[in-house]
Each structure stands twice: as structure tokens, then as C-alpha cells.
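Trainee: okay, here's the prediction I keep looking at, along with the sequence it came from:
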Amino acid sequence: MMRLILRNWTLSLGLALLALILLMALSAPILYPGDPYAMMGPPLQWPGTYPGAPLGTDSLGRDIAAGIFHGARVSLMVGFVSVACALVVGILVGAFAGYYGGWVDDALMRITELFQTIPQFMLAIVIIAIMGPSIQAVIISLGVVSWPTVARLVRSEFLVLRERAFVHSCIVIGMSDLRIIFAQILPNALSSITVMASVLVATAILMESALSFLGFGDPNVITWGTMIGLGRSQLRDAWYIIAIPGLALLVTALALNLVGEGINDAMNPRLRKRKI
Amino acid sequence: MTARRHRSTFRYIGKRLIHAAFTILGIAVINFLLLQLAPGDAAEALAGEAGTADAEYMESLRRQFGLDRSLIEQLGAFLLRIVTLDFGWSFRHGMSNWDLIMDRLPATLLLMGASILLALIGGIVMGVIAARNVGRLPDRLISVGALLLYATPPFWIGLMMIVLFSVKLGWVPTGGMYDVIGGKTGFAHVLDVMWHLALPVLTQAFFYLAIYTRLVRAGMLEVLNLEYIRVARAKGISENRIAYRHALRNAVLPLLTVVGANIGTFLGGAVLTESIFSWPGIGRLMFDAMMQRDLNLLLSILVLSSIFVVIANLLVDLLYAVINPTVELK
Amino acid sequence: MAKDTLLSVEDLHLSVSHMPEARILRGVSFDVTRGKTLAIVGESGCGKSVTSLAVMGLLPEGLTKTAGHIRFDGTDLPVTDNEAMRKIRGDRIGMVFQEPMAALNPVYTIGNQVAEVILEHENISRAEARERVIALMREVGLPDPDHIVDEYPHRLSGGQRQRVVIAMALACNPDLLIADEPTTALDVTVQAQIMRLLKGAQAELGVAIVLITHNLGLVAQVADRVAVMYAGRKVEEAETRRLFSAPLHPYTRGLLAATPRPGRRQEGELPLSEIPGMVPSITEDLRGCRFAPRCPLASDICHRVIPEPRMIGATSVACHNTTETEAPA
């Protein structure tokens, strides 16, 4: 396993970057124990000019580094929790549709398609509008827009896997459907689901940042999107305020995409040379 | 044979229309259910900060949504309103929601069309260059570029481009659709709009440019290994002709379905792009509605955008069937 | 090189580019006479398909010709110069491949694809090309040529598609047709039709054919000469009847014994006997004969010295153990 990770530079780079972000998120309360929204120095200090804030301060004298560290917590948490919710729903829907086929499949897939037809970001906004801006609302809205992707992938995996000999032998020995679905077929689909999940987490993090940027996120927590949104008014003279959290988002999303691609390459060595 | 194909084409279109109608019905039901989730009195939620929340307005909302009747009757009333294109009244804007949305739609369509076109052309060009140089420097640069673009928040690229191209270099305006002061007409007006369109289109297109580049590259590499490409080589056809005539068309056809599937995401992205660049489309309208807590307008935008996606998907499917001879219409 | 020799391959060596020890062809020579059919037979992996691709200048990326000459109609074929080879491919040398189902581009009509090769090599109008295509369709036995010309490939059967591929290969009246397993992917009844079509075209147009196959039954029916290949080398070549009646190389004998031949089983010969052992890999360098490890007759010299092809009667054979006495009079 370790050798596999080292040989696959996409995967190792992705995991290293992800570990870095995770470390930032975990160390935020230790390194920056105070409220990241609190003023801690003179306003609008460029990165590297004010010793107390290596990444500079914003228009209200808030430490940008503190925001980046605390923002990592929110970004990762929202990304992973919302995708976890999407996985639960998507796997259930996709597994039943793919395993049973027929009208079950038809009905479940019609509903899935329906959710894919509605513009995702708009749906997320409306859900937040109805639930009120809170971190829960953001997570739920991102989960609602992400599950159809999971359901479709799981279904297509199940459609293939249910025709395999091991499934037939399970049926022959009288194993229950639920056991076949979750104990026999699902483990075989896990690698594809993992690849998709890491890309979905990246998408969810980007979407969360977009919602916060527009000001639709939870006003009580700081996220990278919020920081970019707040920095917009200083676009002309203090563009570092938006550049830094944007880079943090880029690195996080890149790390997750690299991990997904790396796992994919490791699973299909034949395709490796086609990718970068 | 042609007559047979025509008949089956009509049957196919009919089938797709029925499917589309059911999808729209489903969208309406989902919207209705969303409305039921609103806490407290639905009329209050709908009114939000939009109206002055006077009793008369609340009463009109209750009547309009049939809130005093049973759920089934409410759903029926909701569907009836969608069929009759009655999306209610926006007090904030002093217009009916339908007129408001239709008024803003052309700007969004312009932005969407231009960015899809740019992403498609750019993606095809980049993907073909990468595939024809697979493993060499141009391929590596393009692939790394696509990977980076795919991971970058589009709205952030938009802001960064404003910093560079508008603030630092002063090449393009920071926002809006045309010069308010200039009052240009005719061709000058078209040029002015295109000028304002540049950054929003780039912002909106970059993410899809990355996706399409990767898809075209993978598709080209797959097709170039197929037997019929070897046969074409054995016929003495030049490598350029093989790439552009034989491989490209087969590699790009599947892309069309992807574009169809992306239309909804494009509309969602328009909320961001239009908010950043003050582009007067439905995305900007949605942002304003959100800020004003105008739930009725928000829901109307969501329903109409979804219906738009259904229609666009239908057109893309038909187009795909027309230009791909291997699709037998059923 | 005799006057009526059309294609002459001399001492052809092929290797994997980044792995020169992986030698795919280790000195293969053969001649193809104008208007005649040479069959190249052997197990999969023996190098027979790659030989034909080398002649076409279509070696897959990563393979290089390291030595040898390929002469066509008196001049060296510029196999590494793609632009020069383009003028020859499709015009003077046509090729038919193994997989008719995958050989046609799904998004263009059949007529369009056949016309493409004519328009590429000849200076004629589209209308003339279309007339030629329809005539070709008729010649290769496609039903209703006037309509089928506007059909897309997915509406045709495998046999029909192979006829289209043959029409493409013959469209410019080539001197040479290379057919790489042209019937392997087809039903048995269709196989016979396709071979009859190829033989008919040969009789009519005087085209020489290189038939690459592992099907000895097919060879016996259509080939004038047969070259047998084993692990990157040619082990035996003779006129077809001679090779079948008096095979000299132990590998050829084993191959023939492994082929079911109704009513022709020789005494003491096991039906469908398999040749024991494994084919040496392309990287394996044996000092002697590459068949020696599996050969029932192998002696000391076979393991030490590479046998060079020599003429025994009218048969060319590369074996230390074959002597004049074994050759039929």
C-alpha cells in the first residue's frame, strides 16, 4: 500500500496537500485561540509588512492567517459532512435501483434525474432561503444537490456487479437481498465510490465557498468564501485579502481532485499513461 | 427508408415531449414541497421582507397559493398557476415575476451561449492539441492547466481578472452590460456589450473549458486507437485529416450530451458571475431576491430555470440524434 | 530479385524502441510474385501481423525496424517516411483487417468512406468517384449498391462490412493486397464467400495477395506459396501443395498435425496433437534454433547454432536436422 502511494505521484501529492490542510484545521484553535472575526492589529496591512499577522490584515484589522486556519475547519467539515449525507442517500437509492431494476429502477432514476435537472446552485440557494442561513442549512443544501451523482454511479456499478457469478451464487444459497446488496456487492463498488466522493467533496467545498461569498452562508462562522466576499470592497487596493483565501480553496480542491485521480490511476493501471 | 425514419422521428419527439412534461410536473411538485418546508405561516415566508407585510398583501398571497385549503388543493392550485404562467407579483420590483424573469432572461442567455461556445471551442482545440502530443510538453502543460482550472473557484478567477484587467490594466469595465453614460446605438452598442461581456464570459467558461479539454483529450486518445483509424491510415489518409475528420467528430459527439447535462450548472454559475459583474440577468435577479428575502420570486426563478433546462435538454437530445447517424430514434 | 517479383522482404529485423533486446522479428525474408498469393502462417505472436504492418509503414508506436530491406516493384519502400508511404498506401498497396465490425467510421456513410480513398489518390470529381464506388460495391457483391452507398456502417452485417473494407482496399486497383486474418471474425459460411471474393478479384485484377492467417484450411484452398513463421523467424517456405504434402521443418509438421484434416490423418500421428512446450518470449535470446526447446528432434547443434534457411529441393527450410533425403523427389 505504501509503495503504491509513493509510486503514484498524483496520489502522494494530493494526500500531502490534504494532510497539510487538515493540520491547519486541527491546529487553528491552538495557534489562533481567539475569535477570527476579532480585530487584532491595524487595518489593511499587506502580507509580510506587519509582524503580528504574516498574511496581513483586512479592512477591519482582522488577521487573515487566523481566518485561513479557522476557515479550513469549516470548509473541510462542510465538505465532508455534506458528502457523507449525499453518500447515504445516494448509495441507498443507487443500490436499490441497480439491484432490483425494473419499475424500482425506473421510479428511483426518474426522481434522481429530476434533481439533476433543477439547477443545483439555485436549488441550494432556495433551500437556504427557506431554512435560514446556518451551517446546517448549507450542509443540507449541498447534500441535496450532491446525492444524484452518487445514486447514478452506484446504480451503474450495481447493474454490472449484480450479473457477476458471486452474486448468483449468493442468490442460490438463499442469502437475503439486503445482505447481498450491502455485504456482497457494495464492497466491490467502494473504490469507484471513493474516487467520486473525493471529487464531490472538492465540488461541495467550492460550492460552500460560493454560497458564503454571496453572503448566504452562516454569518457566525468564518469561511474562505466569507473572507473573499468581505474583501470585495477592497478589490482596488488590497487584493491580497481575496487572493489568499482563494489560493487556499484552490489548493484544497486540487488536493482532493489529485487524490481522486490518484486512486483511479492505482485501480486502472492500464489508463495511467493517458492521464498526466 | 426516409419515410420510415421520419415516422420514427415524430414518435421519438412525441415520447420526449411527454417525458419533458412529466419532468416539469415533478419539478413543480418539488417546488411545492420546498414551500411546505418553510417554517411558520407560508404566506409570511413568501412575503418575507419583500412586501410591507400588510394584511391585504398577506391575504392576496394566501388566496393566490390557496393556503387556506387542503394540501392537495394547494398543489392543484400551484400546478394550475404554472400552467397559466402565473408566477405572482413582486412588490419590490413592481412587476409580475414572469415579466421580471423574461425581462432578464436574454442577458443570461447571451452570457450562457457565449460561455458555452467559448468553453466548447477552447476545450476542443486544447483537447486535440493535448491528444496529438500525448506525453510531450504541450500535453503536460494543457493537462496541468486543466487540472488547476478545474480546482479553482470560478468566482475567484472572476475577481482576480477584475483586479488584473480592469483595475491594474484598465482594459475592460468592472461590471454592467453597457456604458450607461455613453448611450451608444447600433454597431457601437453591440461592441460595447461585447466589451462588457468579456470578463463574465471568461469567468463562466473557465471551469467548463477545463472539463471539456479533459473529455476531448480522453475521447481523442480512445478514438485514435480504434480500428477504423488504422484502416484510414492504410488508405493513405494524412494524419491531419485523420485527426480532424475521422477522430474529432467521434470524440466530440459524446461531448454534446455533456454540454446538455451542464446547462443547469451553467445557470447556477450565472448567479455568481452575474453578481460579481452586475450583469442584469436572472442570476443577478436571484441574488437580489435572496437579499430581499423574496421567496416567491426565488421559487419562480427556480421553476422557470428548471423548465428552461428541460427544454434545452430536449433540444440537445434531438440535435444529437440528428447529427449522430448511429442513433436509431426509438 | 526476379522480374516478376512484386514485393521482396529481406532480412527484416524489428525491435521494441526503448528495449532493443525485445526483438520481435529476427531476420525474415520472403518474396511475393505478381498476381500470386503468399500465405504467412504461424501462431499468434510469431510476428506475422507485425511483418505486414512493417510493409505498410504502419508499425505501432514503439516498434522500430532495426535492419533489413523492403523492396516494392523494384524500389525500396520508404517505410519510415509517412508522407511518401501515404502515396503508396491505399493506392498501390491495399490492406484488409481482421475486425470488420470496427473497421468503418460510424459517422460517415459507406460510400463516403470508399470514395475517400479514391479522392485521396486520384484526381477525379466527386460525381465520378461516386460512380466508381457504386461499381465497386457491385463488384464486391453488396446488395442494392445504389442505396447501400448512402447507408451508415451500423446497418450492415459483419460480412457486408468486410466487403466494404475490401472495396476500399481494391478501389485504386492496387498491385498488392495485404489481408490480415480477413475472415477470422466472420461466420464460417461468410468466410468462404469472402475468400472467394478475394480470389475472384485476384483473377480479374491480377493483384498479388499476402494472406496472414493461422487457419491452415484457408491456406490450403487459396495460397500459391506458404511461409511458416515461428517466434520472429521464418522456418519454412514452399509452394502450398509441397508444404502440405511434404513439410520439412519439425514445427511445420507439428502445426499440420495440430490441424484437423478430414481423412488425411497419417499413420502414427495423433489427431490434434499439440506441440508441447512454450514459445520463447521476444526478449529471450537463444544461441541456437528458437524452436529447439520444443523440438522432438533437437540435437546438440540446434542449441548452439542458429540454423540459416537453405534450399532442400524446392523448399526453403531453416533446420539443422532436415536433410536432402527427407525431401520428396
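Mentor: Sure, I can see it. Just so you know, these numbers come straight off a predicted model, no measurement behind them.
Trainee: pLDDT of stretch B:70-84, averaged?
Mentor: Stretch B:70-84 shows a mean pLDDT of 79 in the predicted model.
Trainee: in that stretch, what's buried?
Mentor: Under the neighbour-count criterion of 16 or more other C-beta atoms under 10 Å in any protein chain shown, stretch B:70-84 has B:74, B:75, B:77, B:78, B:81, B:82 buried. No exception for glycine: its C-beta is placed from N, CA and C like everyone else's.
Trainee: chain center to it, what's the gap?
Mentor: 27 Å (C-alpha atoms, centre = their mean, to the nearest Å).
Trainee: and which of the buried residues of stretch B:70-84 is nearest chain C?
Mentor: Closest approach to chain C among the buried residues of stretch B:70-84 (C-beta to the nearest C-beta): residue B:82, at 39.9 Å.
Trainee: near chain A, which residues of the stretch 51-200 of chain B?
Mentor: Where the stretch 51-200 of chain B comes near chain A, counting by C-beta under 8 Å from any C-beta of the partner chain, the residues are B:134-135, B:139-140, B:143-144, B:147-148, B:150-153, B:155-156, B:159-160, B:162-163, B:167.
Trainee: so which of these belong to helices?
Mentor: Counting by DSSP state H, those place B:139, B:140, B:143, B:144, B:147, B:148, B:150, B:151, B:155, B:156, B:159, B:160 in helices.
Trainee: now for these: which two are most distant?
Mentor: For these, the farthest-apart pair by C-beta to C-beta is B:139 and B:159; their separation is 30.3 Å.
Trainee: so between those two, which is more surrounded?
Mentor: The neighbour comparison of residue B:139 against residue B:159 (other C-beta atoms under 10 Å in any protein chain shown) goes to residue B:159, with 24 against 19.
Trainee: and the closest residue to residue B:266 other than its chain neighbours, what does it touch?
Mentor: Excluding the flanking residues, the one nearest residue B:266 by C-beta to C-beta, 6 or more residues apart in numbering or on different chains is residue B:112, at 5.3 Å. Contacts here follow C-beta atoms under 8 Å, 6 or more residues apart in numbering or on different chains; on that basis residue B:112 touches B:204, B:263, B:266, B:267, B:270.
Trainee: among those residues, name the ones in helices.
Mentor: B:204, B:263, B:266, B:267, B:270.
Trainee: show me what stretch A:39-53 is in contact with.
Mentor: So stretch A:39-53 is contacted by A:34, A:54-66, A:234, A:237-238, A:240, A:244 (C-beta under 8 Å, 6+ apart).
Trainee: for that stretch, what is the distance to the chain centroid?
Mentor: With C-alpha atoms, centre = their mean, you get 31 Å for stretch A:39-53.
Trainee: low-confidence ranges in chain C?
Mentor: Scanning chain C with the threshold set as pLDDT under 70 gives C:1-2, C:260-275, C:323-329.
Trainee: just want the most central residue of it.
Mentor: Here the mean C-alpha position of chain C is nearest to the C-alpha of residue C:212 (C-alpha atoms, centre = their mean), at a distance of 2.6 Å.
Trainee: in the stretch 151-300 of chain B, what residue comes closest to chain A?
Mentor: Residue nearest to chain A within the stretch 151-300 of chain B: residue B:268 (2.8 Å; C-beta to the nearest C-beta).
Trainee: contacting residues for that residue?
Mentor: Counting by C-beta under 8 Å, 6+ apart, residue B:268 makes contact with A:119, A:120, A:121, A:122, A:124.
Trainee: roughly how far does the second one sit from chain C?
Mentor: For residue A:120, the distance to chain C (C-beta to the nearest C-beta, to the nearest Å) stands at 32 Å.
Trainee: what's the answer for the fourth one, then?
Mentor: Counting by C-beta to the nearest C-beta, the gap from residue A:122 to chain C is 36 Å.
Trainee: can you report how many residues lie near that residue?
Mentor: Neighbouring residues of residue A:122 were enumerated by other C-beta under 10 Å; the total is 23.
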